[in-house]
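Undergrad: the following block contains a protein sequence and its predicted model.
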Amino acid sequence: MENRGRKKRKSQKTKSNRKGCSSSIDGSTIFALMLAAICNSNEPFSEAIIKRCLNSLHLSLTPNSHKDEPRLQTLPVPVLSLLPVLLKSKCDEIVSRSAEIAGAASIFSFEMNEQIALDAGIVKGLILAVGASNKMVSLAACNAVLDLSTTSVGRERLLEFSAVEHLMFKYLQVPESSKRLVAICSLDKRSDICPRIGVKEDDLLVLLLDAVITLINTYDIDRLEKMPRKLSETFSVCLKELWAKVHNQMFLRNTLKFGQDEHANLSSIRTNDMAESIFRLSINAGHLATPFPFDVVKKSIFGTRESSFENFILNHWEVSPLRIRTCSKALNEQDDVFSSFVQYLSLKKTDSSFVSPVLQGMVSCLPIDSDELNILNFLKMVRNELGCPIIYGQDIRVLRTLGHLKEEVHFFQESSVACTKAPHFLYIDDVLKCEDAYKKGYTIALRGMEFRLENIAAIADGLASLFGQPSVGVNLYLTPPNSQGLACHYDDHCVFVCQLLGTKQWTIASQPVVSLPHLYEPLGSLHSAKTGNSMAGHSQFLLREGDILYIPRGFPHEACTVAESGDPDETTGFSLHLTLAIEVDPPFEGGNWNLNFIPSNELSLLVLPYLLKKTKFLGSCHVHSFEDYMHSDVWMDIHVLGVLWEGFAHVALHCWNQNSKTIHYTSVDPLSKILSVMSVNLLHIAIQLIGDSDPTFRKACLVAAITLPSDSKCWLDSNQRTIFSYIIDKICSESGFLEALRVVEVAIQRNEDPFQRLRWLHLLNWEAEMIEEHGGDFLPSVGFENLSSLFNQRRGKTEVAFMHVKSKFCCEVAFEDVIDSYGLVLQKYKKTRKQYMNGMLSLHCK
């Protein structure tokens, strides 16, 4: 039984060696007396008898009653059967005492709690009593609901009878004046981050809040979706108003010590509990971040000409930088997607004034594993930190580049290097220091803007649809005059730099240092002498308000603020820009996969587990730029990934393998089954080898990109089909059996997993790749040691099987089939990311 910190009465379980009750509180006698009184309710003595019996029962169940008082070992079943009737009594005192007895019995023992929970009449009676007009009755019923909710059985029964809805409705009836007096209290070290919440003067409000948050945080997705929309939204608004006050007190560190304010009614819920309830109520809310139509985003970035986007994709995408010049006045137009954000910041006169008010309302966007398909699993993993203040290194960086060596310096030096220490939460004092740092030439960089502001989220969603990606990541950079924030570096993802205010001079190398680098390559390769030397041949772009610059992955670049001579605009000198990151990656660099919290009915949708990369923990803090921190254990990336053509080829092979019956041997010969399975797996390795050498395999796959109806020639579809045909032809002509087998043999000799870079195959092969030997599933990373000698002994048959699989695959694979599977799972991942986005947006205070 869980301890919920029950107000006014502490939980206590019955010990096994408790003695039986004495004759003075004989259960049979009490039952007979109360039953007679109920049957003769019109008699003047009936209420008095019931009250005396209930008082006797209550004393026998209360842990802190006098030690000489006789105790009940359990509530007699006949007495239990009378509680539903008593909870409907017209006498408030009887209803109140009956609720108290039900509550006391619920925390008396696990067995009694289950008895109470399984009695539908008692549960319904308690729920209805919560809404009573008499405060004494509501308090007793609410306490009983909390006591019943200390077990999973009790919570499930309360949810079954719509307790949350009744509690919400009762909470909404509480006068607004009571909700204004909020206090947070620190009881221990953990409370410094997630203090407990209290409300002054109103004990009923505390209990209601405690009960409703406790139950909401046990809801599954189905119940959240079925909750009455209007009631849920209304309650969510009230909860967010309370959250804004709680969060502001945390930010200002106005935390009381326990017992410091005798008028504060302290609940058992902490700030993270409230944050979780708000998150849960918001995950399916469609009004939080309505995406801009992709055609509006397309026009805002690429202009109004239909040929602009086509020209960009065919001639510049992943090939060369491009400045997209737009009219500076466009930022004030209603149809421009960035104008609302600029108006929100209102930075035209005081370029640093937004720092404190914006940061004050922010919470940390805790990283979600990018292979996660169950948003409630994410909540389970982070519930102890949810709603905490922003964290240096994870949410924000304050840095500048200095000296002739152009080395980056962090304003918060200790936090930038002490990766193993506790997180550095930014409260009011540190936020004021950020403003001071800006005045000293430091750039303020904020990550995850799409999770913090609805207008940015709408832009990110629209751009993601345009490029056919699950999502797009957005960072914000505010740089003071005559300053450089980041040192020269290249990114492993493509970015659109959107200059919103001021000007900035960009220098970009004419050639990439690395051709189409993969995400999360070793940090040292991102910043090296080679990167700096590559700037010898370069192009310069001066971005003004309204300009957009595209930088492909792999191109070294740096930027600094410059003052334009003769410009009378008083904003000249500083810069505010957003970077919209489109990250694409093949599946083979993902982390370990965890299926513990993915429902079995969703496993069939996991055809593309590599769409999202597991958060990487590189464990090194010796990094040289802000981008480095994005890939370290203190700058954890939660951007959602797209897929490279190599990854799409792996998906094509998997889809064909699942749909084709020709490669599934009907023979019961174990060797035939093993050869069938292994041939497919070896072909996956052969595709991987081609991908290491052929740049086309490293290019982004845009098969899910949305094109406008006016694109009658379907140029993008034709382009993607052409690339797909090239990929299949390349597999047919260059995938070699001996090369793939050699990779396996070398890995075994080194005691390595030959499928380390293809861990996602563990999920793709659960249906058809069963073998009788060893009595289980055959997975690529298991059993190769035993099979290596078999391949050598039967190399001829093995190679024939491999060539057969390759030939059939290249001849039969259908582009449409792969797209269908891709689209199905893409929508699944997009849904999870949308739920995460809605939840995080709801926690940021305006």
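TA: Received, thanks.
Undergrad: same for the lengthiest helix in the chain, what does it pack against?
TA: Longest helix in the chain, counting residues (DSSP state H): helix 815-843. Here helix 815-843 touches helix 229-252, helix 271-282, helix 375-382, helix 454-467, helix 645-659, helix 715-734, going by 3 or more Cβ pairs under 8 Å, 6 or more residues apart in numbering; DSSP states H and E. Any C-beta I mention is one placed from the backbone N, CA and C, and that applies to glycine too.
Undergrad: again, 6 Å this time
TA: Packing partners of helix 815-843 (3 or more Cβ pairs under 6 Å, 6 or more residues apart in numbering; DSSP states H and E): helix 271-282, helix 645-659.
Undergrad: so which of those gets nearest Glu318?
TA: helix 645-659 (11.1 Å; Cβ to Cβ).
Undergrad: average model confidence for the next helix or strand after the closest one?
TA: Following helix 645-659 in sequence order, the next helix or strand is helix 670-693 (DSSP states H and E). Taken as a whole, helix 670-693 has an average pLDDT of 84.
Undergrad: check the offset of helix 670-693 from the chain's centre.
TA: 34 Å (Cα atoms, centre = their mean, to the nearest Å).
Undergrad: give me the buried positions along it.
TA: For helix 670-693, burial by neighbour count (16 or more other Cβ atoms under 10 Å) applies to 673-691.
Undergrad: what helices or strands is that helix leaning on?
TA: helix 645-659, helix 715-734, helix 737-749, helix 795-812.
Undergrad: most packed of these?
TA: helix 645-659 (a mean of 23; mean count of other Cβ atoms under 10 Å).
Undergrad: for it, packing partners?
TA: Helix 645-659 sits against helix 670-693, helix 815-843, with contacts defined as 3+ Cβ pairs under 6 Å, 6+ apart.
Undergrad: ok, back up a step: mind listing what's buried in the longest helix of the chain?
TA: Within helix 815-843, the residues scored as buried using 16+ other Cβ under 10 Å are 815, 817-819, 821-822, 825-826, 828-830, 832-843.
Undergrad: quick check: closest non-adjacent residue to Ile428.
TA: Leu252 (5.3 Å; Cβ to Cβ, 6 or more residues apart in numbering).
Undergrad: same deal with Phe341?
TA: Nearest non-adjacent residue to Phe341 (Cβ to Cβ, 6+ apart): Asn455, at 4.9 Å.
Undergrad: do you know how far the one you found is from Leu345?
TA: 11 Å (Cβ to Cβ, to the nearest Å).
Undergrad: can you report how many residues lie near Ser471?
TA: Around Ser471 there are 30 other residues, counting by other Cβ atoms under 10 Å.
Undergrad: part of a helix, is it?
TA: No. Assignment of Ser471 by DSSP: H, G, I helix; E, B strand; the rest coil gives coil, placing it outside any helix.
Undergrad: quote the end-to-end distance of stretch 694-702.
TA: 18 Å (Cα to Cα, to the nearest Å).
Undergrad: and if you look at stretch 214-223?
TA: Taking Cα to Cα, the first and last residues of stretch 214-223 lie 15 Å apart.
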